[in-house]
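> Provide a 3D model corresponding to the input given below.
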Amino acid sequence: MSGETHPYEVNRSERLARRREMRIKKRGHGFINPEGESATAETERETSIDLAEKREFVTKLARVYAATLEFYKTEPMGSLSHVEAVNKWEAQKAQRAEDALKQVPSKVTWGELASLGEKDLAAALGVWSRICEAADDELESGARAVMAIGDSPTPYERAQFVAIRDAFADEWKPRGGVEAALIDMLAIAFSLQMYWTAIAHRRATQTHDKEQALVLKWESEGWKSPYQSEADAVEQAHRFADGYNRQFLRTLRQMRDLRRYAPPVIVNNGGQVNVAAQQVNVSSDVSER
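Alright, predicted model coming up:
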C-alpha cells in the first residue's frame, strides 16, 4: 500500500491472547427423572474462543464427510451404495489431502480439508490457520475491499482503489475494525460513484455523437432524441452514480457520528495525545471529557 497509515493493522499476538483466554461456560439442562418429575442440572466447563473454533472446525469436517457420502448415493452420481460411496471417498482421499497442503489458501475446499483431517487432524488445523492468516492479509492490504469494484481489475485499477483507500485512512486514521470497515465502505462507494459517473457521461455523449452522424448522413437539422432503451441506459448510469454518492455521504456521516459519540478520553499523564485526527498536548493529571 502506498500510504503510511493503513486502515487495518492486525495485532496478531494481542488477538491470539484474546482468543486463547480461558473462561468458564455454564450450561443448564432439563430432563425427566425416573419418577416422571422434571428436573434441571447445570454443568460448567473451561473453554476459549480458540478451542470453540477448533471444535466447530472438526464438526464441520465430519459433516462434509457425511454430506459427500450422501451426494455419492444420489442418482446423478450413479446411486452408489453406502459401501461404494465410502470406497469412492477413500480412493480420492489421498489426492485431496495432498491438494489441501499444496493449494493456495483461497482455493482450498472443505472436501480437501476433510480428507486431510481424516489422515492428519493437526495438519488440517495448520492449513486452516494458514487460510485465516491469508484472510487477515487480504483484509489488511485492501485486497478484500477491492473485490467490490470488479472480479479482475487491472493492476492500475487496483492501484487507483488502494490510493483512494490510503488517502481516506491517512486523513481519518481509523481506530479499530469498525472504523477501518467504514474506510473501506467510503473507498468502495467513491470508486463506484466515479465509475458510474464516467459511464453516464460516455453513454450520453456517444449517443449524441451517433445521432449527429445520422443527422449529417440524411442532411437533416437538429439532434434526434435517442431510442428509449438508450435513454434508459443513460438514466440508469446517472441513477447508479447518484446512489453511490448518497452511500458515500451516508457512510461519511456514520464515521463522523462514531467519532462524535465516542467514549471520553482520560489522560493520566501529560504528553501528546491523538484525539480523532488531531494531536493535542495536555498537562499531567488532566481528564478530557
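
> Let me see the ranges of the helices in the stretch 1-150 of the chain.
Across the stretch 1-150 of the chain, reading from the start of the chain, the helices by DSSP state H, counting those that start in this stretch fall at 12-20, 49-72, 82-102, 110-119, 121-141, 143-146.

> what packs against the longest one?
In this case it means helix 49-72. Secondary structure elements in contact with helix 49-72, counted by 3 or more Cβ pairs under 8 Å, 6 or more residues apart in numbering; DSSP states H and E, are helix 12-20, helix 82-102, helix 110-119, helix 121-141. (C-beta placed from N, C-alpha, C; glycine too.)

> which other helices and strands contact the first one?
So that's helix 12-20. helix 49-72.

> Run the angle between the helix it packs on and helix 110-119 for me.
Angle, helix 49-72 to helix 110-119, by axes from the mean of the first three to the mean of the last three Cα atoms, to 10 degrees: 110 degrees.

> re the thing from before, please produce a markdown table containing the helices of the stretch 1-150 of the chain, extended by mean pLDDT, distance to residue 165 and mean neighbour count.
Formatted as a markdown table, the entries for these read as follows, by pLDDT from 0 to 100; distance: least, Cβ to Cβ, whole Å; neighbours: other Cβ atoms under 10 Å:
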| stretch | mean pLDDT | distance to residue 165 | mean neighbour count |
| --- | --- | --- | --- |
| helix 12-20 | 89 | 21 | 11 |
| helix 49-72 | 95 | 29 | 14 |
| helix 82-102 | 96 | 32 | 15 |
| helix 110-119 | 96 | 31 | 22 |
| helix 121-141 | 94 | 10 | 16 |
| helix 143-146 | 90 | 7 | 19 |
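
> circling back: let's have the helices and strands packed on helix 49-72 in JSON lines, adding distance to residue 198.
Output for the helices and strands packed on helix 49-72, formatted as JSON lines (distance: least, Cβ to Cβ, whole Å):
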{"stretch": "helix 12-20", "distance to residue 198": "40"}
{"stretch": "helix 82-102", "distance to residue 198": "42"}
{"stretch": "helix 110-119", "distance to residue 198": "40"}
{"stretch": "helix 121-141", "distance to residue 198": "26"}
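
> wait, which of the ones you listed is closest to residue 56?
helix 121-141 (10.7 Å; Cβ to Cβ).

> Give the other helices and strands that that closest one contacts.
For helix 121-141, the packing partners by 3+ Cβ pairs under 8 Å, 6+ apart are helix 49-72, helix 82-102, helix 110-119, helix 143-146.

> will you turn these into JSON lines that also has distance to residue 42?
Shown next, in JSON lines, are the helices and strands packed on helix 121-141 (distance: least, Cβ to Cβ, whole Å):
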{"stretch": "helix 49-72", "distance to residue 42": "19"}
{"stretch": "helix 82-102", "distance to residue 42": "40"}
{"stretch": "helix 110-119", "distance to residue 42": "33"}
{"stretch": "helix 143-146", "distance to residue 42": "42"}
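
> before we move on, which element is the residue nearest to residue 189 when sequence neighbours are not counted in?
Once its chain neighbours are removed from consideration, residue 189 has its nearest residue in residue 248; the separation is 3.8 Å (Cβ to Cβ, 6 or more residues apart in numbering). Element membership for residue 248, per DSSP states H and E: helix 228-260.
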